[in-house]
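A.B. asks: here is my input, please return the structure:
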Amino acid sequence: MVGHSTNPADPAAGAVPASIGAAPSGPVPAQPLAQPQRDVIAEIEGLAQLRANGSLSEAEFEVMKAQALSQARGA
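C.D. replies: So this is what the prediction gives:
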């Protein structure tokens, strides 16, 4: 490697540059970023079941699905 000594007598030999070994800066998300999307999918699947068993009309399903997707985009 250019700029890195492989001489065992060199105290910096094998040292990891600070930019590589540094801990990530800033807060780490508590949840995976994909989690809200999964919740929306589950919500739409539930709405589809309600539509299938007659609890929701096709129009109600479409309106509620659009609301769920809109909220997911804004979250």
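
A.B. asks: list the buried residues in the helix or strand harbouring Ile41.
C.D. replies: Ile41 is part of helix 35-52 when elements are defined by DSSP states H and E. Of all the residues in helix 35-52, those buried under the rule 16 or more other C-beta atoms under 10 Å are Val40, Glu43, Ile44, Leu47, Arg51. From N, CA and C alone the C-beta is placed, and that goes for glycine too.

A.B. asks: on contacts alone, who are the packing partners of that helix?
C.D. replies: If you count contacts as 3 or more C-beta pairs under 8 Å, 6 or more residues apart in numbering; DSSP states H and E, helix 35-52 packs onto helix 58-74.

A.B. asks: quick one: mean pLDDT for the helix it packs on?
C.D. replies: Taken as a whole, helix 58-74 has a mean pLDDT of 94.

A.B. asks: mind giving me the packing neighbours of that helix?
C.D. replies: Looks like helix 58-74 contacts helix 35-52 (3+ C-beta pairs under 8 Å, 6+ apart).

A.B. asks: now the angle between helix 58-74 and the helix it packs on, please.
C.D. replies: Relative orientation of helix 35-52 and helix 58-74, computed by axes from the mean of the first three to the mean of the last three C-alpha atoms, to 10 degrees: 180 degrees.

A.B. asks: about what we covered before: could the buried residues of helix 35-52 go into a markdown table alongside distance to Gly74?
C.D. replies: As requested, the buried residues of helix 35-52 are exported to a markdown table (distance: C-beta to C-beta, whole Å):
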| residue | distance to Gly74 |
| --- | --- |
| Val40 | 11 |
| Glu43 | 14 |
| Ile44 | 16 |
| Leu47 | 18 |
| Arg51 | 24 |
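
A.B. asks: by pLDDT, rank those residues and give me the bottom one.
C.D. replies: Val40 (93).
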